[in-house]
Each structure stands twice: as structure tokens, then as C-alpha cells.
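**Student:** What shape does this take:
(one chain, ligands or ions: 1)
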Amino acid sequence: MHLLQNKVAVVTGGTRGIGLATVRVFLEQGAKVALLGSRQESVDKTLAQLREQNPDWPLLGFWPALTDEQAVQQTLEKVVEQWGRLDILVNNAGISQSTQLYDYTMADFEKIIDLNVNAVFCCSKAAASIMCQQHSGVILNTSSMVSLYGQPAGVGYPASKFAVNGLTKSLARELGKDGIRVNAVAPGVIATDMVAALPPAMVEKLAATIPLGRVGQPTDIANAFLFLASDLASYVTGAVLSVDGATQV
Ligand code: NAD
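**Tutor:** The predicted structure is shown next:
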């Protein structure tokens, strides 16, 4: 049985890393997926890569500015035009930065908040206005383990992820009456391009500090999203699920 048979999903930041793994797992589980990226080139490249793996996968790709209400709304409308509904939104696009406070500019702070928080608000609002008409839908957010502990530099990033948890919990309470569930996954250190570029010895040292003895893989997060998106989680809302191997930071 496929857990997401015929569900329609939109995944932001779907061109690589955690987002791409999520797109792939959702497709494997029967979903139709629209992936969103920041540039047409990266979207086209990812679509070609996925179609090479399976030419039958139902896929769309778009690159709207994620804080442009009209552009986001039009994108979601195109998805609904194509597939008739919208069941799942994964707010995954995000950036991080580790500048020390004394060198941190307002522009740096605003850039992080714009994508990691404002885009989550903008996409969630547009998706919820479609989902409430169906009286069903799931909104999933990518938080981080630093949303629980903070981090010793780059304050904008943990601040943004605390806000993601706030959006998750508040929207879960607000949208339950409309049949919409809202949850987040808080990943630990995940082996995306950034971690893959580190020297293996450094990754080994890092892995040794994690109780499960390894860094996470993008599919570890994708599988958590799969559970939360599926009907197996039909009574789960307002949760921030840690998927971090019990990393202590
Ligand atoms: P990544 O850099 O590999 O991918 C980021 C994605 O976001 C890409 O698809 C990119 O196109 C998109 N993106 C970046 N800037 C954008 C913009 N301005 N507009 C639209 N899209 C944009 O990152 P990742 O590691 O896969 O991270 C994905 C999410 O997971 C982020 O929200 C990140 O904060 C979170 N996260 C990652 C880790 C980790 O260790 N990798 C840990 C905790 C949380």
C-alpha cells in the first residue's frame, strides 16, 4: 500500500538536500508532487534528474518568490488546475548563517527571517485557503534542533526556527477546525551538500558525539515528513518532531 496514493503535494526548496529527498519519497509513495526552487535552472535540472529515474512520476516545477503572495497563490492555483486539489504543503526552503553578533547586519538578519519565517507564513496562508475549502490538508515545516536550544553564533537562524515552531503550534490550533493539520520536523545534522563538503575526519568526529553514532541522511527527514503527511498521523497536529539521533548541542 502506498501511504500517499493520489495525494497532491507541494515541496518548497525541493531541488536538493532534504527537500529533494522528500519529493522522491512522496513520489515513491504515490503522491503527485510540485517542487519549488529558487531558480528555473535548478528546478529544470531536478525535474530532469527525477524523470530519468522514473518517467511516469507526476511532477511539476515552479520558482516563485516565496514571499510574493500573488506569485505563491498563482503557483498553487496552477497545481490545483493540473491535479484538482492540494493535500500537502512542505515548507522546507531555508538558509542558515553563522556570523557572530558583532558582525551581523540588519540585512543579514532580515534575509534569514524573510525566507525561513515570512515565506512559511506566505505559503501556509495560500495553501490553507485552498485546503479549508476541501476541509482537509497537511502543512509541514522544516524546523531544526537549534529551535530547541539556540546556537552559539548566527542568531538569526535559531530565532527563525523558534518562529517556525511558533507558526506550527499556533496554526495547528487555528486550522484544526478546518480539517488542516500543521506539524514540523526538527532535523539534527543532516548529510546534505554542506555536510558532504566537510572533511570525512570532521564528520566522523561529529558523528561520535551523536548518541546514534552517525549524522542523519536526507531520507531520515523525508520519512518523518511521510509519516506526518500520511493518514497514519491523522491525530497528530501542533507537533515538532525531533529527528536528530538525540544530538546534544
Ligand atoms: P539545501 O541548501 O541543500 O537546500 C535548500 C533548498 O532551499 C534548495 O532547494 C534551494 O533551492 C531552496 N532555497 C534556498 N534559498 C531560496 C530562496 N531564496 N527562495 C526559494 N528557495 C530557496 O538545504 P537543506 O540542508 O536541505 O535544508 C532544507 C531545510 O532543512 C532548511 O529549512 C534548513 O534550515 C533545514 N535544516 C537543515 C539541516 C541540515 O543539517 N542540513 C538541519 C536542520 C534543519
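**Student:** how about the helices of this structure, start to end?
**Tutor:** 17-28, 40-53, 69-83, 106-113, 119-134, 146-149, 156-175, 193-196, 200-208, 218-229 (DSSP state H).
**Student:** closest to the ligand out of these?
**Tutor:** Shortest distance between the ligand and the helices of the chain, using CB to the nearest ligand atom, is found for helix 17-28: 2.2 Å. C-beta: built from backbone N, CA, C; applies to glycine.
**Student:** Give me the residues contacting the closest one.
**Tutor:** 2, 4, 7, 9, 11-14, 33, 35, 46, 50, 53-54, 57-59, 88, 90, 92-93, 142, 187, 190, 192-193, 217-219, 221-223, 225-226, 229 (CB atoms under 8 Å, 6 or more residues apart in numbering).
**Student:** just stretch 168-183 next, same as before
**Tutor:** Here stretch 168-183 has contacts from 124, 128, 131-132, 134-141, 143, 167, 184, 228, 233-234, 236-241, using CB under 8 Å, 6+ apart.
**Student:** Mark which of those are buried, thanks.
**Tutor:** With neighbours counted by 16 or more other CB atoms under 10 Å, the contacts of stretch 168-183 contain buried members at 124, 128, 131, 137-141, 143, 167, 184, 228, 233, 237-241.
**Student:** Just the ones of the residues you listed in strands?
**Tutor:** 137, 138, 139, 140, 141, 184, 240, 241 (DSSP state E).
**Student:** What separation do you get for the closest residue to the fifth one other than its chain neighbours and the ligand?
**Tutor:** To tie it back to what came earlier, the one meant is residue 141. Once flanking residues are discounted, residue 141 sits nearest to residue 184: 4.1 Å by CB to CB, 6 or more residues apart in numbering. According to CB to the nearest ligand atom, to the nearest Å, residue 184 stands 10 Å off from the ligand.
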